[in-house]
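Q: heads up, no residue letters with this:
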């Protein structure tokens with residue numbers, strides 16, 4: 001079993017879309033990431049009608065990583081809904097991309113799964129070729 005299969009299986013266990021209340025929907029997007037030390041952390045989306053309460057699966061997984069290990073560097077990340085990414089799906093939203101970069105600028109090297117079947121991944125740096133915060137990290 002390769003690392004992508006481990007990440008996929010870890011995240012898939014969390015997939016359980018449901019309404020928490022008439023205003024909150026949860027567990028419809030899941031994520032697993034591999035931290036710098038090789039540990040796997042997971043998270044799921046928690047979405048409220050008021051956008052400020054929206055917590056993406058990627059940021060939830062990162063929060064869990066930091067909470068339990070104080071790590072900020074991420075090697076690999078996979079995010080998806082009911083099935084593995086196939087093509088352009090599974091990419092973190094703009095807010096998550098920005099958060100990953102702000103957390104640790106070395107996360108520019110994070111591999112993000114694009115197509116699970118072919119194991120195609122993209123580096124975060126490719127999504128942020130000229131990230132505005134780079135000058136603050138030098």
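A: Yes, it's here. The structure presented is a predicted model; accordingly, all values stated were derived computationally and were not measured.
Q: contacts, neighbours, all on C-alpha from now
A: OK.
Q: For residue 31, list the residues it contacts.
A: Neighbouring residues of residue 31 by CA atoms under 8 Å, 6 or more residues apart in numbering: 11, 42-44, 57-58, 61, 77-80.
Q: Can you show me the strands along this protein?
A: In the chain, the strands defined using DSSP state E lie at 18-21, 24-35, 40-48, 74-80, 111-115, 120-123.
Q: Looking at those, which one is packed in the most?
A: Highest mean neighbour count among these (mean count of other CA atoms under 10 Å): strand 74-80, with a mean of 26.
Q: Which neighbouring elements make contact with the top helix by length along the chain?
A: Using DSSP state H to define each element, the chain has its longest helix at helix 57-69. The contact analysis (3 or more CA pairs under 8 Å, 6 or more residues apart in numbering; DSSP states H and E) places helix 57-69 against strand 24-35, strand 40-48, helix 94-103.
Q: possible to save those as CSV with mean pLDDT?
A: Shown next, in CSV, are those (pLDDT from 0 to 100):
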stretch, mean pLDDT
strand 24-35, 96
strand 40-48, 95
helix 94-103, 94
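Q: now these as CSV including distance to residue 133?
A: Below are those laid out as CSV (distance: least, CA to CA, whole Å):
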stretch, distance to residue 133
strand 24-35, 22
strand 40-48, 26
helix 94-103, 7
